[in-house]
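Asks: With the input below, show me the fold.
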Amino acid sequence: MKSNELLLDAFVRIRDTVAATLEGVDDESLVRRPGGAGNSIAWLIWHLSRVEDAQVSSPAGLEQVWTSQGFAARFGLPLPERDTGYGHSTGQVDAVQATPELLLEYHEAVHRQTAEFLRSLGDEDLDRIVDRRWDPPVTLGVRLVSTIADCLQHVGQAAYAKGLNAAHG
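Replies: Next comes the predicted model:
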């Protein structure tokens with residue numbers, strides 16, 4: 001298996017878990033916050049999709065799907081257009097509301113762009129420096145793995161929140 005195929009497999013697993021988590025979720029469960037203060041399923045899925053979009057589009061030299069395909073306007077969130085959710089206040093978390101269908105449509109579009117980019121990569125591409133603000137500088141391979149780790153954590157949290165919602169109906 002080639003490195004890019006391995007990375008693509010990881011991103012496919014994220015996409016599949018996003019779809020499974022959103023399946024059958026009603027609007028109330030989507031915005032319910034575990035313990036009253038945790039992140040909602042809607043926020044978690046939106047955030048992980050924004051993270052993948054921002055973290056992959058930049059080194060790919062592509063515009064984010066969020067803006068290039070009109071999702072910022074379709075979501076209509078009261079947030080800056082480039083916001084990805086880092087450091088959100090409780091009010092900002094509450095502001096992220098969307099239907100399961102729109103959340104899935106956005107994530108699928110991001111995944112398609114990610115997959116197309118990954119298919120174009122060779123092993124040597126993974127050593128390219130994409131962020132010199134860190135010591136050591138961040139390579140494309142490290143950026144992709146850190147994005148996978150972040151997205152997997154958040155989709156796991158969303159699946160857990162779905163289970164809590166089902167248990168507490």
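
Asks: Show the low-confidence segments of this structure, by residue range.
Replies: Applying pLDDT under 70 to the chain flags residues 169.

Asks: Assumed residue 151 was part of a helix.
Replies: Yes. Counting by DSSP: H, G, I helix; E, B strand; the rest coil, residue 151 is found in a helix.

Asks: Could you check how many residues crowd around it?
Replies: For residue 151, the neighbour count with other CB atoms under 10 Å is 26. C-betas here are computed from N, CA, C, even on glycine.

Asks: my read: residue 99 touches residue 31, true?
Replies: No. Using CB atoms under 8 Å, residue 99 makes no contact with residue 31, being 10.8 Å away.

Asks: Show me the helices in the chain, by range?
Replies: Per DSSP state H, the chain carries helices over the ranges 3-22, 27-31, 41-60, 65-68, 71-75, 90-95, 100-119, 140-168.

Asks: Please identify which of those helices is closest to residue 126.
Replies: Evaluated with CB to CB, those place helix 140-168 nearest to residue 126, the distance being 3.4 Å.

Asks: Which strands or helices does that closest one pack on?
Replies: With contacts defined as 3 or more CB pairs under 8 Å, 6 or more residues apart in numbering; DSSP states H and E, the packing partners of helix 140-168 are helix 3-22, helix 27-31, helix 41-60, strand 129-131.

Asks: Please identify the deepest-packed of those.
Replies: Highest mean neighbour count among these (mean count of other CB atoms under 10 Å): helix 41-60, with a mean of 24.
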